[in-house]
Every structure is written in C-alpha cells, then in structure tokens.
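1. this one's structure only:
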C-alpha cells in the first residue's frame, strides 16, 4: 500500500502521517513524523478497523504537522486572516445596517401613513372648526341684529319722549323703561364682547370725552333704580373742579362704569351707595380713580377672585334672587386689563363691597367752547338719505335728525336707494346692513364704484367685528351700531361736517 499512500500524502508536504497496527508496529509512515515534539491535543488520531473479518483488530491513524514551526502562521497568512476577518465584519455590519435601515424605512413608512391619516383628520377638524366659527359669527350677527333692532326703537323713542311734557309718574315709567332696555342691551353687549376679547378681535376706539361726565351719566341712569329700592346715592361730584378731557374709548369706559355701578344697585337692599371720582395728571396722562362702595350683601374674602370669572355668581340656583348672566365683572376685568388699568375689590360678608378702578388716558386741551359750538351747530343744509327696510327705524332716525333741522329722504331697499342717489346728490347716507335683495354692503360697494362721494355711515343692529370690518372695507366712512344715543350721533356729525 505504500505507493498508493505516498501518492495521496505527497500532496500534503507540510503534514506527517503515521499508521500503526494493533501491536504498535509502524505499518506506514510519511514525512518522518516526530510525535514527541507535539502535545496530544496537537495530534489528530483516528482508530481504524482494516480487517472486516476481525473486528477486534484496531489500528491507529495519526495525522500531524511535519514540524512544530508549521503551527505558526506566516505574515502573509496573518494579513490574509486579518483582512478576511475585517471583510467579514464589514460585510456583517453592512448587512446589519442594511437590515436596520430597511426596518427603519418600514417603520417610517408606517409612521408617515399614520401622519398622513392624522393630517387628513386634522384638516377635516380644521374645516369643521372654521365652519363652526363661521356659524357662530353668523349666529351672533343675526341675534345681535334681531335683539338690537327692537331695543334701538325702544331706547330711541324713550329719548324722544324725554323732550316731551310728561307727568311725574309718566317720567318715572319712562325712566324704568329706559333702565330695563339698557340692562338688556348691556347683556347683549357682554355676550358679544366676551367673544371678541377672547378671540383677540376687540379694538379700542379713540374718542375725545370726559371720564367724569361719563361716570356722572351712568350714575344718573341708575339713580332711578336706586330710588325705587329706597337707596341713597352719595357722590363727591360737587367737589370735582374742572374735569379734564381725554382721548379713549368712551363706550368701553362707560361699560366698565355701568357694570360696577349696576352691581352695587343690584346687590344692595338697604343703605347707601357711595361713588367717589378722582383724577390727576401723571407723566402727561390723566389717571382716574373710581370707587363704588355699597352696604349690600358683601362677599366672603375667599370668594373675591371667583366673582371675576365668567358665568360665576355667588347667588345662583332656583332660589336666585338677583338677575344677571355672570358676565359683567368678567367683562369689566378684561376691559380694564385691555386698557392697561387695574381693578380690585374689598369686602366682608354682610358688610358690603368696595370696587376700585384705575385707568389712564392721553389728555387733550379744553374742549368746552368747541363742544358748545358743535352742540348748537345747524345742519339743515345737509341732504340726508336714510336706507332701512324697517319703517319704525326710519321714522325714529328721521325724528332724531329733525332736532338738527334735517329733513331726510327715505329708502326701504337697495334698488330705491340707488335710484335716489342717481337723481339727487346726498351729503350723508345712513345705510342699514341687513335688508332684502341687495344688502347694505353691496349697495355701498356699488355707489363707490360709480363714484359716489357722500359720507356713508353704516347704521345697523349687527355689532359683530366682522360686519364692522366689512363695512369699512366696502367704502363706509364709519359704522354705527343700534341703538345709538343722540349725543353720540351728533358727535359723529361734528367729525365729518365742520
């Protein structure tokens, strides 16, 4: 067998082969193996049974390197081994990162699908919110118009009747009617204002007025209700000398005064209401102080902050004694803060309450002579057109204008108004907004388009900011809301007709 074994072993020159029989004799040897130079775990040994007929005969096959130096790898082998390990690691890392990127890509794809779904849902909700906001605006606009229209008629008629000769009881009933109407109007204003303030859509007007005279007017309005309840109103008005005139929002200022004075009257059953006014110039501005103290129910000190929250009332339930929506003081605080002022309350239960308000305004020069000139100015030369689909509104506004010797023309719809404007040149046009056919906005836009230069005043019970902005945008010079006091209306005249 030697030649055959040598032929096989010759291809493995770095190895040694040795075969021993069962007696330990060397049957075959190749490459002169030196077994003593190697440890047992460095020798490959395999037992063989070369004679099938004699299974008890066992030979030993031993396979080793020809010398111990062969166990050490060469530099090239080490380099190749390191390169192989590096390439294996690199391949493994590439495979790992590929699988990781693929997994992340799948995750991102799923997340993107979810985000697309969420975006679609958000878009649907956005559209719903915009529709709801539009519906709310339309509702407020409609309700404002529907409530203010009859209120405007009531308040305007009562103002006209004030100039008539009435008996004592008739004047008393007229005053009660005015107070009740004013209370309802304040409620409508509060609902509109809370929405405007929270949405950031309220802006302060700049008008010349006297805060002292504004407060006097509010106290006078509620003095009748106080007298009916047997309350005495004490003021320091007689001590105020030469009250200053300022630039500010008279409507918001009056609303602040109205809320704190009306609350004092409402929650006081016996005793007095004391109204103190003070003003002083601070850094070129007029700072006013208003204090309203009553001897009414009083407020638990732990509840003082709650009263400035929306819809919060200390008197509530089916046994509720005092009327109100719970918006008055919340609106008052918001308006005071909007005007960079302060408001506070001091009270103890059963000892009444004292509300204190501080506001600042830019000052202007003395206006008395100018105001007197405006008050008695004659506007009889003005050509005026009143456009309103409500007959009562047309009659009332016409009656008010007659006090300035103005004889206006009337139109009940847009088509008639356009015809009248085509045949006559008007100096002033009062334009209602909500009318059948063409509304007031469309009529004004058309008149401006054909070159009509008349002073056009929007005159509507729709007091929403959206309507006011739209009116100015289409070409109205100003936008007045019903009801409007005669004094305020004639002040507008002074603005446009010197």
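-> In hand now; what should we look at? Note that the coordinates shown come from a computational prediction; the quantities given were computed from them, not determined experimentally. Residues are numbered from 1 along each chain as shown.

2. Direction included, what does the helix or strand hosting residue 458 pair up with?
-> Secondary structure from DSSP states H and E places residue 458 in strand 455-460. Strand 455-460 has these partner strands in its sheet, going by DSSP bridges: strand 428-431 (parallel), strand 478-481 (parallel).

3. contacts for whatever helix or strand residue 422 lives in?
-> When secondary structure is defined using DSSP H and E, the element that contains residue 422 is helix 414-423. For helix 414-423, the surrounding residues in contact (C-beta atoms under 8 Å, 6 or more residues apart in numbering) are 385, 387, 409, 411, 426, 429, 431, 435, 437-440, 442-443, 446-447, 452, 454. Yep, even glycine has a C-beta here, placed from its N, CA and C like the rest.

4. In that helix, which residues are buried?
-> 414, 417-418, 420-421 (16 or more other C-beta atoms under 10 Å).

5. again, but for stretch 170-184
-> By neighbour count, with 16+ other C-beta under 10 Å as the criterion, the buried positions of stretch 170-184 are 174-175, 178-179, 181-184.

6. possible to save those as a markdown table with pLDDT and secondary structure?
-> What follows is the buried residues of stretch 170-184, written out as a markdown table (pLDDT from 0 to 100; DSSP: H, G, I helix; E, B strand; the rest coil):
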| residue | pLDDT | secondary structure |
| --- | --- | --- |
| 174 | 77 | helix |
| 175 | 75 | helix |
| 178 | 74 | helix |
| 179 | 71 | helix |
| 181 | 76 | helix |
| 182 | 71 | helix |
| 183 | 69 | helix |
| 184 | 74 | helix |
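
7. so what's residue 361 up against?
-> Residues touching residue 361, when contacts are defined by C-beta under 8 Å, 6+ apart, comprise 211, 246-248, 285-286, 288.

8. Strands along the stretch 201-350 of the chain, start to end?
-> In the stretch 201-350 of the chain, strands defined by DSSP state E, counting those that start in this stretch lie at 207-209, 232-235, 246-248, 272-282, 285-294, 342-347, listed in chain order.

9. Out of those, flag the one nearest residue 80.
-> Checking the strands of the stretch 201-350 of the chain against residue 80 by C-beta to C-beta gives strand 342-347 as the closest, at 87.1 Å.

10. buried ones in the closest one?
-> 343, 345, 347.

11. other SSEs contacting it?
-> Contacts defined by 3 or more C-beta pairs under 8 Å, 6 or more residues apart in numbering; DSSP states H and E place strand 342-347 against helix 328-338, strand 353-362.

12. got the residue ranges for the strands in the stretch 51-200 of the chain?
-> So, for the stretch 51-200 of the chain - with DSSP E, counting those that start in this stretch - the strands run 59-65.

13. Run through the helices of it in chain order.
-> In the stretch 51-200 of the chain, helices defined by DSSP state H, counting those that start in this stretch lie at 75-162, 168-198, listed in chain order.

14. average pLDDT for stretch 403-415?
-> Summarised as a single mean, pLDDT over stretch 403-415 is 90.

15. Show the end-to-end separation of that stretch, please.
-> For stretch 403-415, the first and last residues are 29 Å from each other (C-alpha to C-alpha, to the nearest Å).

16. how about that stretch: buried residues?
-> Residues 404, 406, 408-414 are the ones in stretch 403-415 that count as buried (16+ other C-beta under 10 Å).

17. From these, pick the one nearest residue 491.
-> Comparing the buried residues of stretch 403-415 against residue 491 with C-beta to C-beta picks out residue 404 as the nearest, at 12.1 Å.

18. which residues does that closest one contact?
-> Listed by C-beta under 8 Å, 6+ apart, the contact partners of residue 404 are 377-380, 490, 493.

19. on that earlier part again, can the buried residues of strand 342-347 go into a markdown table with extra columns for pLDDT and distance to residue 204?
-> What follows is the buried residues of strand 342-347, written out as a markdown table (pLDDT from 0 to 100; distance: C-beta to C-beta, whole Å):
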| residue | pLDDT | distance to residue 204 |
| --- | --- | --- |
| 343 | 91 | 16 |
| 345 | 89 | 24 |
| 347 | 86 | 29 |
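
20. and the nearest residue to residue 155 once chain neighbours are set aside, how far is that from residue 149?
-> If the residues on either side of it in the chain are set aside, residue 155 comes closest to residue 483, at 4.2 Å by C-beta to C-beta, 6 or more residues apart in numbering. For residue 483, the distance to residue 149 (C-beta to C-beta, to the nearest Å) stands at 9 Å.

21. ok so, going back, mind telling me which of the strands paired with strand 455-460 the model trusts least?
-> When those are ranked by mean pLDDT, strand 478-481 comes last with a mean of 85.

22. and that strand, how far out from the chain's middle?
-> Using C-alpha atoms, centre = their mean, to the nearest Å, the mean C-alpha position of strand 478-481 is found 25 Å from that of the whole chain.
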